[in-house]
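1. below are the sequence and a predicted model for it; my questions follow.
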Amino acid sequence: MNNDDPFSHQERHPRNDAHMTRESWKIFQIMAEFVEGFERLSAIKPSVSMFGSARVAPDHPYYQLAEEIARACSDAGFSVVSGGGPGVMEAANKGAQAGKSLSIGLNIQLPQEQAGNPYQDVALHFRHFFSRKVMFVKYASAYVVLPGGFGTLDELAEILTLVQTGKTRRIPIILAHSAYWTGLVEWFKDRLVGDGAVDPEDMDLFRVVDKPCDVVEAIFDHYEHRGFEPSVREREILLDL
């Protein structure tokens with residue numbers, strides 16, 4: 001053993017050993033989240049994943065828009081998946097539950113506890129954002145993104161990146177409420193496309209709409225000449241997501 005190694009006593013310290021053991025056991029917790037998600041969501045299709053601010057109250061226009069969009073999607077035969085929390089997530093679950101299809105919540109445990117909303121027919125619970133993110137993407141036939149904060153923008157950037165890079169299949173990505181998104185979209189065009197950070201064609205990865213009926217129409221337009229089920233090639237892509 002090299003006694004000059006400044007890290008050698010750290011590696012042998014019982015506290016470090018205990019930490020490493022705990023880290024290793026986390027693998028099984030992560031596996032359990034994936035297994036439960038795969039088993040419970042694989043049979044629920046087609047579905048639409050919806051995102052938006054957790055901070056809006058039920059009397060806010062964004063809440064009402066989300067509820068109307070979710071109800072329209074649910075009545076059109078799409079189960080609706082949200083993050084299971086308050087605000088737009090609650091509105092999405094509420095609208096879906098009032099419709100004909102299932103309302104699904106992918107709840108996340110946070111340091112500042114987020115209470116699940118009461119409108120979930122199917123409720124899953126996650127400790128890890130990354131396993132939860134996979135569930136939003138893997139079985140979604142469409143993404144609907146309403147006004148929101150960092151978490152919403154994170155989900156939007158995630159799906160755009162996955163589709164752009166071919167790590168998931170091409171699905172409709174719909175930004176609802178044009179007044180909220182116009183500035184960001186213009187910045188995409190001016191800076192990202194203008195500086196060559198993305199291709200001009202990447203602007204076609206998403207659509208901006210205002211009405212609930214436009215959301216449903218955009219989804220059906222995308223699938224007009226194909227079914228909602230992934231093709232053989234797309235299933236292989238999703239297997240490696």
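-> All right, it came through fine. None of the values given here were measured: they were computed from a predicted structure.
2. can we go C-alpha only for contacts and neighbour counts from here?
-> OK.
3. tally of neighbours for Ile27?
-> Look at Ile27: counted by other CA atoms under 10 Å, it has 10 neighbours.
4. which strands and helices lie in contact with the host helix or strand of it?
-> Secondary structure from DSSP states H and E places Ile27 in helix 14-41. Counting contacts by 3 or more CA pairs under 8 Å, 6 or more residues apart in numbering; DSSP states H and E, helix 14-41 packs against helix 129-138.
5. give me the contacts around the next helix or strand after the helix it packs on.
-> As assigned by DSSP H and E, the chain's next helix or strand after helix 129-138 is strand 142-145. Residues outside strand 142-145 that contact it (CA atoms under 8 Å, 6 or more residues apart in numbering): 47-52, 152, 156, 171-176, 215, 219.
6. in the helix holding Ile27, what's buried?
-> 33-34, 37, 41 (16 or more other CA atoms under 10 Å).
7. helix or strand right after that helix?
-> Heading C-terminal from helix 14-41 (DSSP H and E), you reach strand 47-51.
8. re earlier: select from the contacts of strand 142-145 the one having the most neighbours.
-> Top of the contacts of strand 142-145 by neighbour count (other CA under 10 Å): Gly52, with 30 neighbours.
9. spit out the contact partners of that residue.
-> When contacts are counted by CA under 8 Å, 6+ apart, Gly52 touches 87-89, 145-149, 152.
10. just those residues: which are in helices?
-> 88-89, 152 (DSSP state H).
11. tabulate those (TSV), appending pLDDT and distance to Lys189.
-> Converted to TSV, the ones in helices among the contacts of Gly52 look like this (pLDDT from 0 to 100; distance: CA to CA, whole Å):
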residue	pLDDT	distance to Lys189
Val88	98	27
Met89	98	29
Thr152	97	20
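12. nearest to Glu23, of those?
-> Using CA to CA, Thr152 comes nearest to Glu23 of the ones in helices among the contacts of Gly52, at 28.9 Å.
13. wouldn't that closest one be in contact with Ser53 here?
-> Yes. If you go by CA atoms under 8 Å, Thr152 and Ser53 touch, sitting 6.9 Å apart.
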